[in-house]
Each structure stands twice: as C-alpha cells, then as structure tokens.
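S.K.: What follows is a predicted structure for the sequence shown.
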Amino acid sequence: MTHIAASSPHTRRFPLLRALFRQPTAVIPLVFLLLIIVTSLFARQIAPYAPDAFDLPNRLSGPTARHLLGADELGRDMLSRLLYGGTKALVGIVEAVLTAVLIALPVGILAGYVGGAFDRAVSFVTDLVLAIPAIILVLVVLTVFPANLHAAMVALGVLVAPGFARIIRGVTLPLKEADFVSAARVAGVSEGTIMVRHILPGVLRTAIVQASFVAANALLFAVGLGFLGLTATPGEAEWGQIVAAAAQQISTQPWLLVPSGGLIALMALALMLLGNALRDATADVGSGAEVRPVKTGTESARMPREHASESARLPDPAALLSVRNLSVVFESRGQDTLIVDGVSFDVRAGETVGLVGESGAGKSVTALAVLRLLARGGRISGGQVIFDGQELTDLDDRAFAGLRGSALGLISQEPLSSLDPAFTIGSQLGELVQLHDGLRGAKNRERCLELLRQVQMRQPERVLQAYPHELSGGMAQRVAIAMALAGRPRLLIADEPTTALDVTVQKEILSLLRDLQRDTGMAVLIVTHNLGVVADICDRVIVLYAGQVFEDAGVYELFDRPLNPYTLGLLGANPAHAQPGQPLTVIPGRVPPPGSWPAHCRFAARCAFAAPECLAGPVPLLHPVDHHASRCIRIDELFLNPQSSPQFTSTAAGAGQQEAS
Ligand SMILES: Nc1ncnc2c1ncn2[C@@H]1O[C@H](COP(=O)(O)OP(=O)(O)OP(=O)(O)O)[C@@H](O)[C@H]1O
C-alpha cells in the first residue's frame, strides 16, 4: 500500500525562510537590518538626546561615556542623530523598492507570458530607459519637486523597474512552458488566473532577491542625494547630511566618519549579502521544484490547409473525434519541416484508440495538435479536427480554450511535472472544481474528495493536504486523472500515461482508465509505444510510421491478422511474443527523420518484403477490408487472398524479395 511520505506541517511551511536561516551569511545581515529598522522607528524612545541638542563643551569629542559614538562640530550626539536620520532613508528605500516591484512584476510577467508586440514594446522601452543615466532624470524630477526625497525615490523606482522587469520576464519564459502551466491551460484555467496562481509564485523568489539589490542601490542613492543637499537641508539629522558634516571635519576629527559612513556602508553590505543569501536559498528551495519546459505553446487560431495530402475517408458520422488529413510542421531557421503528414483517424464515444509506433513516428505531435498544444515552432499546416460535429479548426483560441479542460482532457507521461510544486493537491484540484462547477468551501472539498475516490485514491483526505513531491508516481498520475475528470471530459487524451511507472502501477492505472471509461462513457485516445498497453485497453489501433498512418484496425484484427509489414515487425519485436529459444525479431535500421523521408514507401529501406514497385512512388492508404486500412502496395500478395478481398483494387506487380510465411 502506498503511503504519502511523512512530513510534518512545519517542515513544509516557509521553505524559503528555513533555507535562509540555514545560512549564517543571511542571519547576520538580517539581524543587523532588523536592528536598524527597529531602532530608527523607535528613535524618539531610544535616542539619548534630541537630534539637534547642542553640547558645545564636548564638540568633536570622539566616543565617550556621554556620547557613545562621539559628538559633531556643534556637540550634537552622533548616535542620536543617526537614529533619528534613519527613518527618512528607510522610507525612501521602501518607496523605490515598492515602485520598482509594482511595475516590474506585472510588466515582466506579461511580457514573458503574452510575448508578441507587448514584449517587443517592453524591450524597446527597457533599452531606452537603461540608456538614460538615472541621476540626470532624478535631477530633472527634483527641479519639478524641489528637495522632495519621495519624488526622487519613486523616480528611481521607475528607472530601475525596466531592468528588473527584464529579469522577471526571463524567469517567466521557462515557467510559461512548464508542464503544470500547460496542464492548467488544458484544464481550462484562464490565462489571467494562470499568471496570478502559477507564474507569480514562481517569479516571486527572483523578485525578492532583485528587490534586495534595488534596496541597496536605493540606500546609496538616498544618502547621496542628502549628501549633495538635494533632498535635505544643511545640518538636518539625515544620513546624507550627517556624512557630509563628518566629511568636513575629516582633518580635525576623522572619527566622525566611522559611525556615519560605516553605518551606511554596513547597511549596503547587509542588503547585498541578504540578496546573495536569498539567491542561494531560492536555489536550494527551487531544486525540489524543477521546471521542465516541454510540449506547450498555443497554436494559431485558424489552421491553413497547405499540406492536406492524401484522399481521406469521409468523417465517420458516429465519431466523437474525426481527424482528417492532419499535417503538422515545425519551423526552424525559417524552414518548415513536415512532422505529421496527412493523418486521418476516428475515435467514437466510449472507444479507446491507441496511437502506436516507434519513437519519432509523430504520435505525441498528432495528439498534442488535436489539443493545440504544440511546442513553439509547431503548427497545423493542413487538415481538419472535428469534435462532436464541430470543426475545431474554425474555433478561435478563446472558444477552443473553453473546450480544452472540459470536453477535452489531457494526462501526460510525467504527472508530477504537470502539478505545480508550490501548491497542495487540494488547492490545485479545488481550483479546477471551482472553475468547472463554481463550488467553494465545503462543497468544493467534497467534490475534490469525490474525484479522488473516483480515481480509486487511498487516503483521499491526506492526499488533499499533500504537496506533489509527497506523492508516488502512481498517485500523481491518479491526481492528474482526477484533475482531468474535474471538467467531465468526453475525450481524454493520454500521452504515454504509464511509461514512467513501474509495471504493477502501470497495470493499476490501465485498469483505472478502463473502469473510468466504462463508468463515464468517455472516449480515450492513448499515445503509447507499448503494444501490451494496446492489447490491454484499446478497441482500435492506429499505427504511425514517419508521420503517416501505416495501419488502422480494430485491436483484435491488428493482433490477429496485421496487414502491414511494419506492424508485423512491431508485433515480432514485442518481447511478449518472444518464443523460448527463438531470437526476438528486430526491425533493422531506424525511422527516417522528418525532412529526409523518401518519396516512395517510407518503410521500404527497412522492409523485408520491399519490391521494386515499393520504390516507384508514394504509397496510398488502402482499405482492403472493412474498417481495416493499411499502407502497403503489396498487401494483396503478402497478406490477403485476392479472391476474398474484393475492395482491393491495386495490382501487385513484381516479385517480393522475401515472402510472408
Ligand atoms: N518541438 C519540436 N521541434 C522540432 N521538432 C519536433 C518537436 N517536437 C517533436 N518534433 C519532431 O517530431 C517528430 C515526432 O515527435 P513525437 O514526439 O510526436 O514522436 P513520438 O512518436 O511521440 O515519439 P516518442 O515516443 O519518442 O515521443 C520527432 O522526429 C521530432 O524530431
């Protein structure tokens, strides 16, 4: 029995703080900064003297019992002046940091997530702002708002925001392609919610680190403006002016620069050290929550038809999903490469259809194209995808997003990576339940538990509290299925759903999918290279090879009487069919990569039965038997008795090099 990895609530909360406190280089600056903040805020209560109280007999005294940090040229107590002067600089730092964060976070996330013209505009403005020296612009602001530190610090925040936003954009880009973001998109979560719920927490750590660097710069800037007398009056108890006054006495009492300049230097150092420690701490925390940029990206609203290739059958009127002449290209360095070439198949309601073939055949790309989830650079270049009588190719992105996650569900090979590591299962499942059913509170939780029970999850209450890293692979896949079920899909697309699991768990998940299908009547399109999975769960099988359908048959027909040499090879290479003492059949060679497919039969170079006519030109998909199609020009002589296949019209000429036995 699988149990959730035991971890107390304390060990999972505030991971960043815990990682931070493990580093001495973080604790010391943190304590120092807190001390400065608290003593500045309570200067009135703590300071031994008023900031402007003269003590002329002790002027320029240096450290004494009466003046612990010495006294300035008018005998004013240095400690008291530094305590009183802190508030102004600290407020300035907060203003600059807040301004920068409030601009950089939304702009950076939007630029990275939305991309396109907005991203280009942000990049242009960033280049422009970074080219202007900050001090010049702040001086302009100070001529409009004379001696106003608030205005100067807000201006500084605005000036550093573009660089900050660029960093946030950089962090957003891989997050946008993370599987859990893709999963949320497939589940129908709106783009705005994805940005707030999934992207924002992911960039927050970088933002905190960056904010501490901005704070260090803001401190030096605020002190510098005060030093120059631009934001403080001469003699004011303000850090910049205190340093300026101390600098004037450098020849008579150099000590004065030690507490004043030293404090500023130590504070800047503490902020930088804290920033570095935060960066290290976030790296520690982040290592458990790796982002995997794979297989995402939205497809254009309309699908052109430039590659509609071979004559396809008419869509099956009983089919829930009809894919017709689907072609997909990937663009690289301005060149399109055909990956899926005129693929057609149907999936009826309640049916399980398997897409099988060797690695690189185009199985995943076909399935993801149906969901418009092709990786960047990929696009549907031709064909139709008809779902429940509606041509999806005609839907705009918004309407399509409405279907995805509700009527169309997806589960992937790596369920863990489709779960956001920062949130509990309850939170992620609850979000979908709220989205699809509008349920909140206790009702939401009840529906979450119902979904977990539906996927036969043990200890569903505990699972709701768990974080993704506490789940085993099988449990994570059950959660992923429950999340897909939240939208009550009519078609579930499962991309290698059992590949990452061990054999026993594979069987459990397949049996679960079978049960769910029986109970809900949903259709399943399953991508797999495992013929055992096909035999176990599928009603129909589509064999793909080099981007084309090579065989399309009912599962019994395919295993009983394959009508294609490639399928024959796949079945022969299946370890489950191995005979004791007999070597396993191996298909020689490799699948030709996209871009180097021959014009004739793409399997010919590896086919034991290849004949001269196989090299003469493209081979069509033939339908020699009802509901059984095969792309083989020698189908008649190799697999069928001509008398019993009246639909077969091709003439098989030429001698085979090796005949089927
Ligand atoms: N993002 C991409 N950019 C360029 N080419 C891609 C991309 N994704 C897939 N391809 C190409 O598409 C072809 C088919 O890939 P696909 O992932 O569909 O194969 P598959 O049949 O599912 O195999 P596997 O079981 O290994 O995933 C591959 O040859 C691959 O080179």
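M.R.: Everything's here; your move. Numbering: from 1, shown residues only.
S.K.: Grab the nearest non-local neighbour of Asp346.
M.R.: Spatial nearest neighbour of Asp346, excluding adjacent residues (C-beta to C-beta, 6 or more residues apart in numbering): Ala319 at 3.7 Å. C-beta coordinates here come from the backbone N, C-alpha and C atoms, glycine included.
S.K.: The residue nearest to the spatial centre of the chain and Val370, how far apart?
M.R.: Centroid-nearest residue in the chain: Ala178, 1.8 Å away (criterion: C-alpha atoms, centre = their mean). Distance, Ala178 to Val370, using C-beta to C-beta, to the nearest Å: 21 Å.
S.K.: Thr528 now?
M.R.: To Val370, Thr528 is 16 Å away according to C-beta to C-beta.
S.K.: Between those two, point out the one with more neighbours.
M.R.: Neighbours were counted for Thr528 and for Val370 using other C-beta atoms under 10 Å; Thr528 has more, 25 against 21.
S.K.: I'd guessed the more buried one sits against Ala535; true?
M.R.: No: if you go by C-beta atoms under 8 Å, Thr528 and Ala535 don't touch, sitting 10.6 Å apart.
S.K.: circling back: now the residue nearest to the centre of the chain: how far from the ligand?
M.R.: Going from Ala178 to the ligand by C-beta to the nearest ligand atom, to the nearest Å gives 15 Å.
S.K.: Am I right that that residue is in contact with Leu416?
M.R.: No: using C-beta under 8 Å, Ala178 is not in contact with Leu416, being 11.5 Å away.
S.K.: Just the pLDDT for whichever residue of the stretch 101-250 of the chain sits closest to the ligand.
M.R.: Nearest to the ligand, among the residues of the stretch 101-250 of the chain, is Glu177, at 10.5 Å (C-beta to the nearest ligand atom). Note on Glu177: pLDDT of 72.
S.K.: ok, Ile103 - contacts?
M.R.: Counting by C-beta atoms under 8 Å, 6 or more residues apart in numbering, Ile103 touches Gly157, Val158, Ala161, Phe164, Ala165.
S.K.: that's a helix at it, yeah?
M.R.: Yes: the assignment for Ile103 is a helix, going by DSSP: H, G, I helix; E, B strand; the rest coil.
S.K.: do you know how far it is from Met195?
M.R.: Distance from Ile103 to Met195, counting by C-beta to C-beta: 16 Å.
S.K.: How about Ala399?
M.R.: 21 Å.
S.K.: What of Thr25?
M.R.: Distance, Thr25 to Met195, using C-beta to C-beta: 33 Å.
S.K.: Neighbour count for those two, which is higher?
M.R.: Ranked by neighbour count (other C-beta under 10 Å), Thr25 and Met195 place Met195 first, with 21 against 13.
S.K.: Just to check, the more buried one is in contact with Leu110?
M.R.: Yes: taking C-beta under 8 Å as the definition, Met195 is a contact partner of Leu110 at 7.5 Å.
S.K.: show me what contacts Thr64?
M.R.: Thr64 makes contacts with Asn58, Gly70, as judged by C-beta under 8 Å, 6+ apart.
S.K.: and Leu452, what element?
M.R.: Here Leu452 sits within helix 441-454, counting by DSSP states H and E.
S.K.: send the alpha carbons of the helix or strand following that helix over as CSV?
M.R.: Counting by DSSP H and E, the next helix or strand C-terminal to helix 441-454 is helix 460-465. Coordinates of each C-alpha in helix 460-465 appear next as CSV, following Å, rounded to 0.1, in the frame of the first residue of the first chain:
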residue,chain,number,x,y,z
PRO,A,460,-8.0,11.0,-0.2
GLU,A,461,-8.2,13.4,2.8
ARG,A,462,-4.5,13.1,3.3
VAL,A,463,-3.8,13.5,-0.4
LEU,A,464,-5.7,16.8,-0.4
GLN,A,465,-3.2,18.1,2.1
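S.K.: any residues touching helix 460-465, and which ones?
M.R.: For helix 460-465, contacts defined as C-beta under 8 Å, 6+ apart pick out 4, 424-426, 429, 445, 448-449, 452-453, 457, 471, 475, 479.
S.K.: so after that helix, what's the next helix or strand?
M.R.: The helix or strand immediately downstream of helix 460-465 is helix 473-485, counting by DSSP H and E.
S.K.: Give me the number of neighbouring residues for the spatially closest residue to Ile46 that is not a sequence neighbour.
M.R.: Residue nearest to Ile46 in three dimensions, not counting chain neighbours: Thr39, with 5.6 Å by C-beta to C-beta, 6+ apart. Each residue near Thr39 was counted by other C-beta under 10 Å, and the total is 16.
S.K.: Next: Val31.
M.R.: Residues lying near Val31 (other C-beta under 10 Å) number 11.
S.K.: Repeat that for Asp515.
M.R.: By other C-beta under 10 Å, the residues close to Asp515 number 13.
S.K.: how close does it sit to the ligand?
M.R.: Counting by C-beta to the nearest ligand atom, the gap between Asp515 and the ligand amounts to 26 Å.
S.K.: Return the per-residue confidence for that residue.
M.R.: In this model, Asp515 carries a pLDDT of 88.
S.K.: where do the helices sit along the stretch 251-400 of the chain?
M.R.: For the stretch 251-400 of the chain, helices defined by DSSP state H, counting those that start in this stretch occupy the ranges 257-286, 363-370, 397-403.
S.K.: what's the first one packed up against?
M.R.: To tie it back to what came earlier, the one meant is helix 257-286. Where contact means 3 or more C-beta pairs under 8 Å, 6 or more residues apart in numbering; DSSP states H and E, helix 257-286 is packed against helix 15-21, helix 24-41, helix 78-114, helix 200-227, helix 239-248.
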